[in-house]
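Visitor: model this:
(one chain, ligands or ions: 1)
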Amino acid sequence: MKRRSAAAALTEVASGMRVGLGTGSTARHLVDLLGQQVAAGFDVLCIPTSEATAAQARELGIPLTTLEETPELDLTIDGADEIGPGLALIKGAGGALLREKIVAAASARMVVIADKSKVVAELGRFPLSIEVNRFGLRATHILVEQVARAHGAEGAVKLRLQASGEPAVTDGGHLLLDASFGRISNPEALSADLHKVPGVVEHGLFLGLCAKAYVAGPDGIETIEA
Ligand code: A5P
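Guide: Just a heads-up that it's a prediction; the model follows:
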């Protein structure tokens, strides 16, 4: 289903476009399918949202650029952890939320690809990833917990660890806190309050960024427009 949603969204990519490539298992299918098109002569210039996606794209021969060279993109296609009302998204399980948000914001249009399990009536069942500076981690953790509690978080705010027990580190060299809300009743207010914490670099709420979702289910592809 992930591959089918990726294939459907790929129809949005026209020859000569500058395209942001997302991160995660669904975006991996997209990059793979785009790689096949490039091998057949398709003209596209891409910006990856993570080192993992960059490595995959390079291997497939997809031409890559940077936001320094190409600061404005036509389209970004990415996965999501949750797709809520109005195409508000939770992203970041893959730890790439900062680059994903920078690339999406630099794009004229962001499109999301997912299987049907990602569509929810209300955001928050999936933990919200919050990228934080290493400096002052404990102090930032406490402030983020206070914000989470004020927004009705049902669960804990946990530092993300690797299998080795060491903290997970993002491509930007930051750390990640994962906050279990259960439900997020006011995503805009939560976003604003998280941004008031100085140690918070970015969070995984993507609000007002996504224009369309290609959602694959057992009966085919459904599109949702903002
Ligand atoms: C990466 O940081 C994330 O935002 C992913 O885009 C998101 O977690 C979706 O990943 P999957 O396609 O693997 O579910």
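Visitor: how many neighbours does the residue nearest to residue 72 when sequence neighbours are not counted have?
Guide: Sequence neighbours aside, residue 106 is the residue nearest to residue 72 in space, at 6.2 Å (criterion: C-beta to C-beta, 6 or more residues apart in numbering). All C-beta atoms are positioned from the backbone trio N, CA, C, and that covers glycine. Residues contacting residue 106 under the criterion other C-beta atoms under 10 Å number 17.
Visitor: now for the residue nearest to the spatial centre of the chain: which residues touch it?
Guide: Taking C-alpha atoms, centre = their mean as the criterion, residue 91 is the residue nearest the geometric centre of the chain, at 4.1 Å. By C-beta atoms under 8 Å, 6 or more residues apart in numbering, residue 91 lies in contact with 78-81, 97, 100-101, 129, 204, 206.
Visitor: let me have those in a markdown table, extended by neighbour count.
Guide: A markdown table is the format used below for the contacts of residue 91 (neighbours: other C-beta atoms under 10 Å):
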| residue | neighbour count |
| --- | --- |
| 78 | 32 |
| 79 | 28 |
| 80 | 29 |
| 81 | 22 |
| 97 | 29 |
| 100 | 32 |
| 101 | 24 |
| 129 | 26 |
| 204 | 30 |
| 206 | 27 |
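Visitor: just the ones of those residues in helices?
Guide: Counting by DSSP state H, the part of these found in helices is 97, 100-101.
Visitor: out of the residues you listed, which touch the ligand?
Guide: Contacts with the ligand within those, as defined by C-beta under 6 Å from any ligand atom: 97, 100.
Visitor: can you lay out the ones in helices among the contacts of residue 91 as CSV showing distance to residue 48?
Guide: Formatted as CSV, these follow (distance: C-beta to C-beta, whole Å):
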residue, distance to residue 48
97, 14
100, 10
101, 14
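Visitor: export the ones in helices among the contacts of residue 91 as CSV, with columns for pLDDT.
Guide: As requested, the ones in helices among the contacts of residue 91 are exported to CSV (pLDDT from 0 to 100):
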residue, pLDDT
97, 98
100, 98
101, 98
